[in-house]
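**Q** Quick one: sequence and predicted model below, then my questions.
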Amino acid sequence: MIVPETRYVVTADGVYLAYQVVGHGPVDVALGLHSINSNVDLIWDDPDWRPFIIGIAEQARLIIHDRRGLGASSRNVPPPNLEIQAGDLLAVLDAVGSSRPILVSGGDSAAVHVLLAATHPERVRGLVWNNPMARTAWAPDYPWGETAAEMEAWIERAPRWWGSSEQASRIAAARLRERLSLADNMPIPAISADDVNTYARIFRNVATPDVAADLYRMDFETDVRSVLPLVQAPAVLLTGTLDNEDEARLVGSLMPNATVYLVEGRSGLALEPFLRAFRSLAGLAEPTHALETVLATVLFTDIVGSTEQQAALGDRAWRGFVERHHQVVRVAVDRWRGVERDTAGDGFFVTFDGPARAIRCAQDIVRAVRPLGLEVRAGLHTGECEELDGKLGGIAVAIGARVAGVAAPSQVLVSQTVRDLVAGSGFAFHDAGEHQLKGVPGTWRLWSVPA
């Protein structure tokens, strides 16, 4: 998807608000970006936000904008309170002709949506709220927030910390735990330096440290619990079994027409449950696909010697190895924007819309499982696949599986087609000879790529 053009609307007090509109679905969606992480141009580079943006835009007309003081909007302005933010959102909606959108947000960034839904019910069709938070500050009757001391410590370190690799590493670690549905105290695989650089660059282009600190303090002092009972629009609240489920249920209990959806693990970056909840609220049918063909690069991996290792370790210990293997593989698949199609035992079937990213993903997987004491083999092929209801089949899939079967331990093996499509990408290919692939006519020239 091409990043849409950024446009501006001027508010009554002369502030320029940057916004984008993408998609042409039957409903409008106004997506609230994070309260202090908003840049409509760079959000498309964010590996976590991009799937949500595209997922919504494929089914609705999506509207995003930067709060005043942030991103591409006017910068040198006072921090906006909730009333001003709600007015700014209405200005953007009026500019694009959106009379009654669904408001989508997460965490404390939904405060402005709550206020708008309560004060202008005729302008809000419904709300989708991921990881709902009615306030960010701890209180005796709200034990999930941060203390004043924690808030002051955040603000004190902001000048040297905001937009740094240290902050970006913490954000990357937190996002990785979300993707893997891990508790905050659990160890995680190594974080990609590319991801750290991306997060740091985005935050530096959101705001300067002083503005971020001012907005953080303002958000800390905000509490919308008294407004929640006035929100008449239907609302869907998502939370995970590893999140603050009690907080979500409290927030939902204060809203007359709210439904809490419980997601296994963590809900923050759980795309499919989010989209199902959104479609349910919007009254959209689940997507169905007639049989069609698509060009895709297929990647198959499996653990080498898995049967022997399982017998040596025992079922319980082996299951732990497989779970860690699955976590590592999924991190690489997410990083290189692959689509996990199937997982059978210790093997993965993943597709990509670009062969170069598929190769780099395979290389990452081979390297990443070694510290676990495991070796995998990987095979790739690019070809026309048949897609029916989200499932891929056809001869190209069969070829990819057979190429993987030929690969040696810790080897990434690709077909001639893949090699031809990534010319100039900097890969060092080594001729692996011609092979007969079981069930596939003819002989096939294969190439290995060092991992």
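**A** Received the coordinates, thanks. Residues are numbered from 1 along each chain as shown.
**Q** Flag every buried residue along stretch 11-20.
**A** Residues of stretch 11-20 classed as buried: 11, 15, 17-20 (neighbour count, 16 or more other CB atoms under 10 Å). (Each C-beta comes from the backbone N, C-alpha and C, glycine too.)
**Q** got it, and stretch 344-352?
**A** Buried residues in stretch 344-352, counted by 16+ other CB under 10 Å: 346-352.
**Q** Would you map the strands across the stretch 351-451 of the chain?
**A** Applying DSSP state E, counting those that start in this stretch to the stretch 351-451 of the chain gives strands spanning 376-388, 391-393, 412-415, 430-436, 443-449.
**Q** same thing with the stretch 151-300 of the chain?
**A** According to DSSP E, counting those that start in this stretch, the strands that the stretch 151-300 of the chain contains are 235-240, 258-263, 292-303.
**Q** now P159: how far from L380?
**A** When distances are taken as CB to CB, to the nearest Å, P159 and L380 turn out to be 47 Å apart.
**Q** neighbour count winner among the two?
**A** Between P159 and L380, counting by other CB atoms under 10 Å, L380 is the more crowded of the two (31 against 12).
**Q** Now that one: closest residue in space, sequence neighbours ignored.
**A** In space, and not counting its chain neighbours, L380 is closest to V414: 4.5 Å by CB to CB, 6 or more residues apart in numbering.
**Q** which residues does that neighbour form a beta bridge with?
**A** Listed beta-bridge partners, V414: L380, W447 (assigned using DSSP bridges).
**Q** Give the burial count for it, as a bare number.
**A** Counted with other CB under 10 Å, the neighbours of V414 add up to 31.
**Q** Report pLDDT for it.
**A** Taken from the predicted model, the pLDDT recorded for V414 is 95.
**Q** now do G390
**A** At G390, the model reports a pLDDT of 64.
**Q** For A270, see how far away the nearest residue to F278 once chain neighbours are set aside is.
**A** The shortest distance from F278 to any residue that is not its chain neighbour, by CB to CB, 6+ apart, is 5.4 Å, and that residue is V128. With distances taken as CB to CB, V128 is found 13 Å from A270.
**Q** Kindly report the same for R276.
**A** Here R276 is placed at a distance of 10 Å from A270 (CB to CB).
**Q** what's the answer for T241, then?
**A** With CB to CB as the criterion, T241 and A270 are 11 Å apart.
**Q** tell me how far stretch 146-162 is from the chain's mean position?
**A** Relative to the centre of its chain, stretch 146-162 is centred 26 Å away, using CA atoms, centre = their mean, to the nearest Å.
**Q** Please list the outside residues in contact with that stretch.
**A** Under the contact criterion CB atoms under 8 Å, 6 or more residues apart in numbering, stretch 146-162 has outside partners 136-138, 167, 203-204, 207-210, 212-213, 216-217, 220.
**Q** and what of stretch 365-379?
**A** Defining contact as CB under 8 Å, 6+ apart, one finds that stretch 365-379 is touched by 189-190, 299-305, 309, 321, 324-325, 328-329, 331-332, 362, 400-414, 451.
**Q** Just the endpoints, please. Distance across it?
**A** Counting by CA to CA, to the nearest Å, you get 12 Å between the two ends of stretch 365-379.
**Q** per-domain residue ranges of this structure.
**A** When the chain is parsed into structural domains using automatic domain parsing, the resulting residue ranges are 7-282, 292-449.
**Q** so R357 makes contact with R335?
**A** No. If you go by CB atoms under 8 Å, R357 and R335 don't touch, sitting 9.1 Å apart.
**Q** who's in contact with the nearest residue to V227 once chain neighbours are set aside?
**A** Of all residues not flanking V227 in the chain, A118 sits nearest, at 5.0 Å (CB to CB, 6+ apart). Taking CB under 8 Å, 6+ apart as the definition of contact, the neighbours of A118 are 227, 230-231.
**Q** now do 10 Å
**A** Taking CB atoms under 10 Å, 6 or more residues apart in numbering as the definition of contact, the neighbours of A118 are 86, 124, 224, 226-233.
**Q** Tell me which helix or strand comes right after whatever helix or strand it lives in.
**A** Element membership for A118, per DSSP states H and E: helix 111-119. Proceeding N to C from helix 111-119, the next assigned helix or strand is strand 126-130, under DSSP H and E.
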